Structure formats: C-alpha cells, structure tokens
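# mind looking at a prediction? Sequence and model below.
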Amino acid sequence: MIESKDVLYDAIGAGDTNSVSEFLASNPDFMSDFESMFNCMFGVVHWGSVEMLDVLLAHGADINVMKPKIFHFGPLMSAVDKQNITMAEALIGRGARLRSGIPKQCGEDLVFSAAQTGNAAIVKLLIDAGADVHCAFRTDSGGLINALGIAEREGFEDVAGLLRAAGCHEATEADLVELGLAAESVATMRENGTGTQISDLDFENHELICDHMSQYFGPVVEESIQEILPATGISVNLCRGEDGKPNVLFTTGMSDKPMSVPKGEENFQYAELMFELPSDWPLLDQPSSMTDEIFWPISWIRQLAHYPHANESWLTGEYCVISTDDPPKALGPNTELSCFLLIAQCDPRTMVALKGKSHPCHLYRVVPIYTEERDLFLKSGLDIFWDKLSAVPVGFTLEVDRPNAAK
C-alpha cells in the first residue's frame, strides 16, 4: 500500500504498475499538483518502464511537462540525454514535442544532444520523427556549430552520415538559434530590429540602472561587455571593484518589459541580474584575452537573463533555483559548481525605481551552487537549505572551489 510520495517514487522505479495505478486511482487530484506530476514523469524516464509511463499518462500526467526554474527541458530530452531509446521512442509515439524547451546551450537541442553522444539509433529515431537537423548554435569563441559539426568533430561518422542524408550541412548564420531564445523569436528580432533598437525611455532606464550600480558597487566600465556577444537586446555590464571589492557583472535590458508573473506577484515583474566576481578575476574588459575559465560567468548571466521572457515565465519571487542540465553539468572548466540560486533582497542596494514602471526593478543576485545543494533544496525545503549554506558560509561573491554545503 503506497502511503507517501517517496514510496510512490520507489514504486515507479521498481516498475510496480499495479500499486502505482491503485494509488493514482485513489488520489485523482495527485497529478494536478505540478511538483508531484513533474517528479513522477522524470522518475519514469530515469528508472521506470514504458508500461509505467502509460499508467502515468492514463492518470493525467503531461507528456511535455517542463519545470523552467529547475530543469529546462521535458521528458523526451531527458530520455535522449540518457540514451534511453526505448523511452524516447515511446514518448515520441505518444505525442511528445520534438522541441520541448528553448535551448540555453547546444546540448539542449534534441538532435545535437543525440549526435554529441554518438548514438546513431537515437539520431535516426529523431530524424524519422521529423526533428529539425539544421539548428546551429554560436559557440563562446564566436564560431558556429550544429549536430553535423559535433558528430564530425567527435569522429561519429555513422551519425554524420545520417545527418548528411537528412539534408544537414555545414552550420550557417541562416540556421542560427541564439541560445536562450526560441528560433521564431530570433527570426522576429532579425526582422524588426528589436535585438538592437530600444526606446528612449528604456535607454534612460538603462542609464538609471548603471548609475545605481555605480553608486553602490563601483564605477561602470564605459563600454558594455555586450560588444563580445551577439546583439540580442540585453547587455552585460561591469562594475569594476575598488580597494579589493568584488567586480560585479550586471544586466540591462531584461527589465524593458515585465515578466509573466502570477496575479498578486506584480512586485516581482521587473528584474535585472547581478553576479559578483572576485576582485582578481582577470581581463573582464579585454574580451580578446578571455579564456573559457574567465568567460563563463558572462555567458551564463546573459542566458539566465533571457530565460523568463523567452518562456513567458518569471523568477518565482524572492528566490529561484535553476539547473544547467539534467543531470547538471559544471558551469565552467575551473569549477564543479553546476546550478544557480537567484536571490531578490528587499534592500535599497538591489532595488531600482525605473521611469514608466509601476513597480520596482529587483536586481537578483546570481549565486552558483552545487548539484547536491540543489538536491538538498528540492528534498528538504528552504529552511534547511539556508541553514546549510549559512554554515559554510556561502557568500554572494563567486568562489569556484568553495566547500560544498550539502556534503
């Protein structure tokens, strides 16, 4: 007899379809709880069976469920990432979308992810199902790469042959999907210029944000770091720390329009991000000298800034935990940190009154965390999570090799 969620999840992993079916039949509202349904669907992809998938779907589970604040893609991408072709085939056959999320990184595109693993069977499955083989992505070094490019680079000639036969060619600008934006959004930006043109009022508000940051965190470097990024309407700026104080990356442009907040949460509809880096973090205003070890905070703050608008979502109020992948991957080559905690404080230093806006703009602090710390938050809740982080303690300034509060 299943009496708790934990026992239910164990039953899903064990393939006990009878017990799971009985529990769901006795608790018809269970799947209406988003957290419960989300955990069940990702559990069945990780540990379950096709028979268990059918049980969940029969009781109202969403085959395309996606939790933007934590995981960025749906069950199909998870199956592809784990090279579970049986589950991937079952999900596609039951109506899973072939683009279940908006990629924040190359590996969140179905075909690219399958090509990267060298799994020709899954690549063929996706091609036969009609997945887009042409999506190209810009790398941190400024080049372009697509599924064919990654297959050729890794020496997966059988995968490359399948992609060429499906019409995939060398990556071009015409196939570019900006990370963090839907392909249709990118096309619209190119067509109407919204990626580079802003109103006079928005420009004035950008200056207000820069003045505010300069007042509290140090002088703003005159030329925006956006110069080294594709033009997308959001700038990444730098406050140069003085007298040993942190350098601070911050965005402008995210608050040009409100996020899609629930009714009653309008106080959190405008946001920008800030990311504190050590005072000795090198060469942030000399892009030609940047290595991956230096660049990754810039890349990630920009991707995080795009996400709420691209997904018609928000940052869930005072705090938000976001993962980079499933399972999470290291944020950069010089750290094992893999997820993000975003914090909005009711503090004059991290709130800005903007012109033409009915609510303040919150400057969310971006704090990298470990996968185990994210898991602690999901399992034990906010209070225990905070207690563990405070005991380390975990500060706002990035420490690439800080102790793990969950160990």
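The structure has been received and is ready for your questions.
# burial measure for residue 25, as a count.
Neighbour count for residue 25, taken as other Cβ atoms under 10 Å: 12. C-beta: built from backbone N, CA, C; applies to glycine.
# can you tell me, leaving aside adjacent residues, what's nearest to it?
residue 59 (7.3 Å; Cβ to Cβ, 6 or more residues apart in numbering).
# do the same with residue 374
residue 339 is the one closest to residue 374 (Cβ to Cβ, 6+ apart), at 4.4 Å.
# that neighbour contacts residue 322, doesn't it?
Yes. Taking contacts as Cβ atoms under 8 Å, residue 339 lies within contact range of residue 322: 6.4 Å.
# what's near enough to touch the residue nearest to residue 25?
21, 24, 25, 28, 30, 31 (Cβ atoms under 8 Å, 6 or more residues apart in numbering).
# and for residue 28?
residue 59.
# ok, so what distance separates it from residue 5?
16 Å (Cβ to Cβ, to the nearest Å).
# check residue 112 too.
Distance from residue 112 to residue 5, by Cβ to Cβ: 34 Å.
# same deal with residue 76?
According to Cβ to Cβ, residue 76 and residue 5 sit 24 Å apart.
# and for residue 268?
Applying Cβ to Cβ to residue 268 and residue 5 gives a distance of 29 Å.
# coming back round to it: more crowded one of residue 112 and residue 5?
More crowded of residue 112 and residue 5, by other Cβ under 10 Å: residue 112, with 26 against 15.
# quick one: distance of the one helix or strand the more buried one maps to to the chain centre.
In this assignment (DSSP states H and E), residue 112 forms part of helix 110-117. Relative to its parent chain, helix 110-117 has a centroid offset of 18 Å by Cα atoms, centre = their mean, to the nearest Å.
# so which elements touch that helix?
If contacts are counted by 3 or more Cβ pairs under 8 Å, 6 or more residues apart in numbering; DSSP states H and E, helix 110-117 sits against helix 75-81, helix 120-129, helix 147-154, helix 157-165.
# least confident of those helices, on average?
For the helices and strands packed on helix 110-117, mean pLDDT drops lowest on helix 75-81, to a mean of 85.
# just checking, which of the contacts of residue 59 belong to helices?
21, 24, 25 (DSSP state H).
# per-residue pLDDT, the residue lying closest to the first one once chain neighbours are set aside?
Nearest-residue entry for residue 21: residue 55, 5.1 Å, with adjacent residues in sequence omitted and distances by Cβ to Cβ, 6+ apart. Residue 55 carries a pLDDT value of 94.
# what about the closest residue to residue 40 other than its chain neighbours, helix or strand, and which?
Counting by Cβ to Cβ, 6+ apart, residue 40 lies nearest to residue 56, which is 5.5 Å off, once chain neighbours are set aside. Following DSSP H and E, one finds residue 56 within helix 50-58.
# kindly report the same for residue 248.
strand 247-252.
# from the rest of the structure, what touches that strand?
The set of residues external to strand 247-252 that reach it, using Cβ under 8 Å, 6+ apart, is 206, 209-210, 213, 217-218, 224-225, 234-241, 272-279, 281, 284, 297-298, 301-302, 305, 363.
# quick one: neighbours of residue 168, just the number.
With other Cβ under 10 Å as criterion, residue 168 counts 24.
# contacts only, for it.
Contacts for residue 168 (Cβ under 8 Å, 6+ apart) come out as 133, 134, 146, 147, 148.
# ok, so what distance separates it from residue 135?
10 Å.
# spit out the residues that contact the two alike.
Shared contacts of residue 168 and residue 135, counting by Cβ under 8 Å, 6+ apart, come down to 146, 147.
# show me the strands in the stretch 251-400 of the chain, by range?
270-277, 319-323, 339-343, 351-352, 361-369 (DSSP state E, counting those that start in this stretch).
# residue 49 contacts residue 15, doesn't it?
Yes. Counting by Cβ under 8 Å, residue 49 does reach residue 15; the two are 5.1 Å apart.
# flag every buried residue along stretch 22-34.
Neighbour-count burial for stretch 22-34, with 16 or more other Cβ atoms under 10 Å as criterion, is recorded at 23, 24, 30, 31.
# hmm, residue 375 is touching residue 406, no?
Yes. The pair residue 375 / residue 406 is scored as a contact, 6.9 Å apart, by Cβ under 8 Å.
# the two - which one has more neighbours?
Using other Cβ under 10 Å as the criterion, residue 375 and residue 406 rank with residue 406 on top: 19 against 15.
# so the more buried one lies in a strand, does it not?
No. Assigned with DSSP: H, G, I helix; E, B strand; the rest coil, residue 406 falls outside any strand and is coil.
# measure it to residue 378 for me?
11 Å.
# how near is residue 25 to residue 130?
Per Cβ to Cβ, residue 25 is found 35 Å from residue 130.
# what about stretch 83-97, average pLDDT?
The average pLDDT for stretch 83-97 rounds to 92.
# can you give me the end-to-end distance of that stretch?
Across stretch 83-97, the terminal residues are separated by 17 Å (Cα to Cα, to the nearest Å).
# got the contact list for residue 90?
Residue 90 neighbours (Cβ under 8 Å, 6+ apart): 50, 53.
# now it: which helix or strand?
helix 85-93.
# now list the buried members of the contacts of strand 247-252.
Neighbour-count burial (16+ other Cβ under 10 Å) is assigned, among these, to 206, 209-210, 213, 217-218, 224-225, 234-241, 272-277, 281, 284, 297-298, 301-302, 305, 363.
# related to what we said a few turns ago, now do the residue nearest to residue 25, the pLDDT please.
Looking at residue 59, its pLDDT is 93.
# tell me how far it lies from residue 305.
38 Å.
# cool, and residue 37?
Residue 37 is 29 Å from residue 305, by Cβ to Cβ.
# now the helices for the stretch 201-350 of the chain?
Along the stretch 201-350 of the chain, counting by DSSP state H, counting those that start in this stretch, helices occupy 292-310.
# thinking the residue nearest to residue 21 is in contact with residue 17, fair?
Yes. Counting by Cβ under 8 Å, residue 55 does reach residue 17; the two are 5.2 Å apart.
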